[in-house]
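Undergrad: Got a sequence here, can you model it:
(one chain, ligands or ions: 3)
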Amino acid sequence: YHMKVEESAVQALLNCRDDHNIKDFNKFHFSPRSVPYKHMPCYTIKMFTDLSFLKYWRIKMSTLARFILYVKKGYRDAPYHNWTHAFSVAHFAYLLIKNMQLIEENYMTPLQALVFLVSCLCHDIDHRGTNNSFQTLCGTVLASLYSSEGSVMERHHLAQTMCILNTEGCNIFESLDSDDYSKALDLLRSNILATDLASHFRSINKQEKMICNKYNKDDAKQQKLLFEMLMTCCDLSDQTKDWKVSKKTAEQIFDEFFSQGDLEKSMGNAPVEMMDRERASIPDLQIQFITNLVIPLFTNLSLLFPSAQPLVHILEHNRSLWEVAKTVFHKYSMSGTKGIDILLDPN
Ligand SMILES: COc1ccc(Cl)c(-c2nnc3c(C)nc4ccc(C(=O)NCC(C)C)cc4n23)c1
Ligand SMILES: [Mg+2]
Ligand SMILES: [Zn+2]
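TA: Ligands and ions are numbered 1, 2, ... in the order given. Purely as a prediction, here's the structure:
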């Protein structure tokens, strides 16, 4: 289920005459979170037009505008898992397609690139700010629907996306022939399910092996692994931006985590340390997350695309700033997110 989007809003988006030439929009150092919130739908359209998806796939501008507004409306105002997150994840997909020339270099067909961008935009639709274990632990409706297959939230994000595609005037894939249409939906499903961190852990070793043994663009299994890896890169891409962005993202994430922890406590369940505002050390958790997950992932990306190498250096620099944060936190014996604010950017 999702709320209706007014046709007046669709018209307004079609008439948006934003300057559109925001500086460095297609560079890796650009932070999509610096785009004004009300211009995000406009800049989402810009990504599709910039990649010439509309011409190539005969997507009506009004259909794309309506689709984007339904997707935006499908997100809730959680501290982190909201429309701004969706826009920033999709923006990183746009950067990868453009800067790594994924289509020109035959890493992706034009269809796979279109679905990659759409998957990122939709990958967290209707997120409630609680994770998969919360669904199962509390026996939510979503758990009753999907917990037997796992990836509870991701299956819901996919279901919501399908619902929007089946809404009058929103099916951006309507002009695809039936073969391309079913390929698009299969890839959409695989991409969205790949954003479950648990499935990332299961495939990271295969990704590593594939990249170290000379990636083969024509092997469908390797292609699937690459798309899964790229989805996680996009989902975690805030960490490749400057310190202010990655610090602010961490604040939003732990705001969400600690609210889940509070909710679990109020239900008589003890939250994991990461979600317990009394026990969690944000600097330690960020150092672990960047060390164990983000850096290995972007190192693999840079092995395949050397132009991603600078992103790994930014990750290492941001991690070193969390090391600094650690000393500051302990010196002032801080907990929760309040300690982060006093951190002057030491650069
Ligand atoms: C790709 O899917 C997701 C889903 C949800 C989230 Cl919040 C994230 C995510 N995006 N940025 C971050 C940052 C900066 N820190 C994080 C610290 C911990 C965890 C976490 O879930 N840890 C438990 C797990 C390892 C068993 C996730 C974090 N995270 C990514
Ligand atoms: Mg997710
Ligand atoms: Zn996400």
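Undergrad: and stretch 294-306, what's its mean pLDDT?
TA: Stretch 294-306 carries an average pLDDT of 98.
Undergrad: Now that stretch: buried residues?
TA: For stretch 294-306, burial by neighbour count (16 or more other CB atoms under 10 Å) applies to 294, 295, 297, 298, 299, 300, 301, 302, 304, 305. In short, each C-beta sits where N, CA and C put it, glycine included.
Undergrad: hang on, the third one packs against residue 204?
TA: Yes - with contacts defined as CB atoms under 8 Å, residue 297 counts as touching residue 204 at a distance of 7.2 Å.
Undergrad: which residues sit in contact with the residue in the stretch 151-300 of the chain that ligand 3 sits nearest to?
TA: Proximity to ligand 3, evaluated over the stretch 151-300 of the chain using CB to the ion, is greatest for residue 235 at 4.4 Å. Each residue near residue 235 by CB atoms under 8 Å, 6 or more residues apart in numbering is listed here: 89, 120, 123, 195.
Undergrad: For residue 132, list the residues it contacts.
TA: Residue 132 neighbours (CB under 8 Å, 6+ apart): 150, 151, 152, 153, 196, 198.
Undergrad: Residue 76: which of the residues you listed is nearest?
TA: Distance to residue 76, by CB to CB, is smallest for residue 153 among the contacts of residue 132, at 12.2 Å.
Undergrad: Quick check on the closest one: phi, psi?
TA: Phi and psi for residue 153, reported as degrees, to the nearest 10, are phi -60, psi -40.
Undergrad: What distance do you get for it to residue 31?
TA: 26 Å (CB to CB, to the nearest Å).
Undergrad: Also residue 49?
TA: Distance of residue 49 to residue 31, given as CB to CB: 21 Å.
Undergrad: okay, those two: which has more neighbours?
TA: Taking other CB atoms under 10 Å, residue 49 and residue 31 do not tie; residue 31 has more neighbours (18 against 14).
Undergrad: so that one sits right up against residue 242, yeah?
TA: Yes - the criterion here is CB under 8 Å, and residue 31 meets it with residue 242 at 7.2 Å.
Undergrad: mean confidence score for stretch 21-31?
TA: 94.
Undergrad: Show the contacting residues for residue 164.
TA: 2, 67, 70, 71, 74, 122, 125, 170.
Undergrad: near ligand 3, from these?
TA: Here nothing survives when these are matched to ligand 3 using CB under 5 Å from the ion.
Undergrad: Pull out the buried residues from those.
TA: Looks like the contacts of residue 164 have 67, 70, 71, 74, 122, 125, 170 buried, using 16+ other CB under 10 Å.
Undergrad: can you give me the strands in the stretch 151-300 of the chain?
TA: In the stretch 151-300 of the chain, no strands are defined using DSSP state E, counting those that start in this stretch.
Undergrad: Tell me the residues on it that lie near ligand 2, please.
TA: The stretch 151-300 of the chain has residues residue 195 near ligand 2, with proximity defined as CB under 5 Å from the ion.
Undergrad: just to revisit the earlier point, just send the contacts of residue 132 back as a markdown table, with distance to ligand 3 and pLDDT too.
TA: As requested, these are arranged in a markdown table below (distance: CB to the ion, whole Å; pLDDT from 0 to 100):
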| residue | distance to ligand 3 | pLDDT |
| --- | --- | --- |
| 150 | 17 | 96 |
| 151 | 13 | 98 |
| 152 | 14 | 98 |
| 153 | 10 | 98 |
| 196 | 10 | 98 |
| 198 | 14 | 98 |
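Undergrad: Okay, and which of those residues map to helices?
TA: Counting by DSSP state H, the contacts of residue 132 place 152, 153, 198 in helices.
Undergrad: ok, for the second one, nearest residue in space, not its chain neighbours?
TA: Spatially, and ignoring its direct neighbours in sequence, residue 153 is nearest to residue 132 (5.5 Å; CB to CB, 6 or more residues apart in numbering).
Undergrad: can you tell me how far the one you found sits from residue 100?
TA: 30 Å.
Undergrad: wait, residue 241 sits on residue 27?
TA: No - with contact defined as CB under 8 Å, residue 241 does not count as touching residue 27 (11.2 Å).
Undergrad: Give me the more crowded residue out of the two.
TA: residue 241 (23 against 10).
Undergrad: Please identify which residue in the stretch 201-347 of the chain comes closest to ligand 2.
TA: Taking CB to the ion, ligand 2 has its nearest neighbour within the stretch 201-347 of the chain at residue 235, 6.6 Å off.
Undergrad: picking that back up, now render the contacts of residue 235 as JSON lines, adding pLDDT.
TA: Shown next, in JSON lines, are the contacts of residue 235 (pLDDT from 0 to 100):
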{"residue": "89", "pLDDT": "99"}
{"residue": "120", "pLDDT": "99"}
{"residue": "123", "pLDDT": "99"}
{"residue": "195", "pLDDT": "98"}
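Undergrad: Since that was my last question, I'll sign off now.
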